[in-house]
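Colleague: Need coordinates for the following:
(2 chains)
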Amino acid sequence: MAHEHKLEIFRGRWKFKSNTQKIWGVLAFLTFITVIEVVLGIYKPDMFMHTFMDPFEGGGFFSTLGNVILSPIVYMKPLNLIFIVLTIIKAYYIAWDFMHLRDETGSMRKMVVWTGVFLICYLMFILLQEGGYVFNVYNGKDALIKHNF
Amino acid sequence: MDSTVASTGTEEKTWGGGNNPLRASYGKLMMWFFIVSDALTFSAFLAAYGFSRFKFVNEWPIADEVFTHVPFLHGQELPMIYVAFMTFVLIMSSVTMVLAVDAGHHMNKAKVTIYMFLTIIGGAIFVGSQAWEWATFIQGDYGAVQTKGGNILQFGEYVTVDGVEKFKRVSIEDLAIAKESDRVDHERKNGLWFEDEGTLPLFSVAEIYAGLEANENVRVRNQMLDENGHKTVLSRAESLKQIKENGKLVVKGANLEVNEYGTTLFADFFFFITGFHGFHVLSGVVINIIIFFNVVLGTYERRGSYEMVEKVGLYWHFVDLVWVFVFTFFYLV
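Modeller: As a prediction, this is how the structure comes out:
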């Protein structure tokens, strides 16, 4: 039950004198990120509303693989990508500083984070891939199902 | 404790439970087990939400048009403001929780009490806000007409605000022209005894159609996205045609079967995921209250460790962590 806290965030770029101060610092950072999210969500700047890159055409093995690997860039609006990245950053600081993962042993951290991250990524991949496929079944050029009535 | 637990004399040894794997106590480790499995449950729900959203990516409502209300600011469209406030309340209550844990490490009973109390208040504000959010969502805004195929047709007109042409929604109450009708509610006593009919919609499709015919400016908007990512607004002729041929049911607000905002699944997932999260917050508040009273009674002071506060703290932060994701996927993306 050691209670020593690591009193720095951003890889030591921001140091605190006490644990209480660190907590307020993290709160300031999380609030800052939430404010950025809300402002972007309200104003939706035009420059982030269209993907920077088009998906690879062709449908061959390499273009499909490329699209899967680059799917956050070729399919997702940059704004949504920014939101998801900011969310993961927030989640990191909640888990590391509020849930004290920073102060736990490395193996404990890995046990918690790797398990969750691996399974969640896997689940997200198969379900979103399947959702996109079903969308094409409904809306593709040779769709047999009509639902626009 | 000696009277209830058999003492084997090996408590200090490894096989007697004398060591703490990963240098975390038993209780904390079990809390982490629970949190990881609960995280997988939530991610399964959110992945299912993602699946349905990808499947109906056109028909999915735009969150900015759904969650526009703020208490006491009636009639103003302020997307995101209230939910940002809720997020801040939850993060703030996470902060008071972690301060309580910190005070517990210093065996400072007075501070732990105050911070636990503030955490409970924050949780209660959050649950209350969520109840209000649900009530507003169920109540509905402008109303819409559902088609035979289950699609939603909404109404609005083009208005010029500050030189920019905007599509402004029109409520079905303002649109409909009430007509006399002899449509009666089906009741058990005057129909099939084993069948009940739910409440009738506010208006019939014919009344909406009459209103649409009378108001030259009003047009129908369907759910399809155009190339700019906006919902398609139909021409006047097409609007009338759609309502006449395909309109089936007038809907206002949301429930598990229909909702005026878009595809039915949107409301289902909203109720299910925010409801499940709200239930976690509620149970978190209850557990926090129990711990609060234990703190006040001095249980942990006598035990010599405030680790229990740390364990419920982990759960409370987890609830906050989940909300961060729910916030992103329901309100932002």
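
Colleague: for the chain, which spans come out with low pLDDT?
Modeller: Just so you know, I chose chain A. A:1-3 (pLDDT under 70).

Colleague: You answered for a different chain; I wanted chain B.
Modeller: B:1-11, B:14, B:16-18.

Colleague: try 80
Modeller: Within chain B, the ranges that satisfy pLDDT under 80 run B:1-22, B:75, B:181-187, B:190-191, B:196-200, B:227-229.

Colleague: Show me it divided up by domain.
Modeller: Under the assignment automatic domain parsing, the domains of chain B span B:23-140+B:265-332, B:144-182+B:198-252.

Colleague: contacting residues for the residue in the stretch 101-250 of chain B positioned nearest to chain A?
Modeller: Closest contact between the stretch 101-250 of chain B and chain A, by C-beta to the nearest C-beta, is at B:Gly149 (4.2 Å). Backbone N, C-alpha and C define where each C-beta goes, glycine included. By C-beta atoms under 8 Å, 6 or more residues apart in numbering or on different chains, B:Gly149 lies in contact with A:Lys146, A:His147, A:Asn148, A:Phe149, B:Asn246.

Colleague: ranges for the strands of the stretch 51-200 of chain B?
Modeller: Under the criterion DSSP state E, counting those that start in this stretch, the stretch 51-200 of chain B contains strands at B:144-147, B:152-161, B:164-169.

Colleague: Please identify the deepest-packed of those.
Modeller: Most buried of those, by mean neighbour count (mean count of other C-beta atoms under 10 Å in any protein chain shown): strand B:144-147, with a mean of 25.

Colleague: how about the nearest residue to residue 79, chain neighbours excluded?
Modeller: Answering for chain A, as no chain was given. Leaving out its chain neighbours, the residue that sits closest to A:Leu79 by C-beta to C-beta, 6 or more residues apart in numbering or on different chains is A:Phe48, at 3.8 Å.

Colleague: not what I meant, chain B
Modeller: B:Asp64 (4.2 Å).

Colleague: Identify the residues contacting the closest residue to B:Phe45 other than its chain neighbours.
Modeller: Nearest residue to B:Phe45, sequence neighbours excluded (C-beta to C-beta, 6+ apart): B:Ile273, at 5.2 Å. Residues counted as contacts of B:Ile273 (C-beta under 8 Å, 6+ apart) are B:Phe42, B:Phe45, B:Leu46, B:Tyr49, B:Val326, B:Phe330.

Colleague: what's the neighbour count on A:Ile33?
Modeller: A:Ile33 has 15 neighbours, counted by other C-beta atoms under 10 Å in any protein chain shown.

Colleague: Filter the contacts of B:Gly149 down to the buried ones.
Modeller: Among these, those buried by neighbour count (16 or more other C-beta atoms under 10 Å in any protein chain shown) are B:Asn246.

Colleague: In contact with whatever residue of the stretch 51-200 of chain B ends up closest to chain A, which residues?
Modeller: At 3.0 Å from chain A, B:Phe54 is the closest residue in the stretch 51-200 of chain B, using C-beta to the nearest C-beta. Listed by C-beta under 8 Å, 6+ apart, the contact partners of B:Phe54 are A:Leu128, A:Gly131, A:Gly132, A:Val134, A:Phe135.
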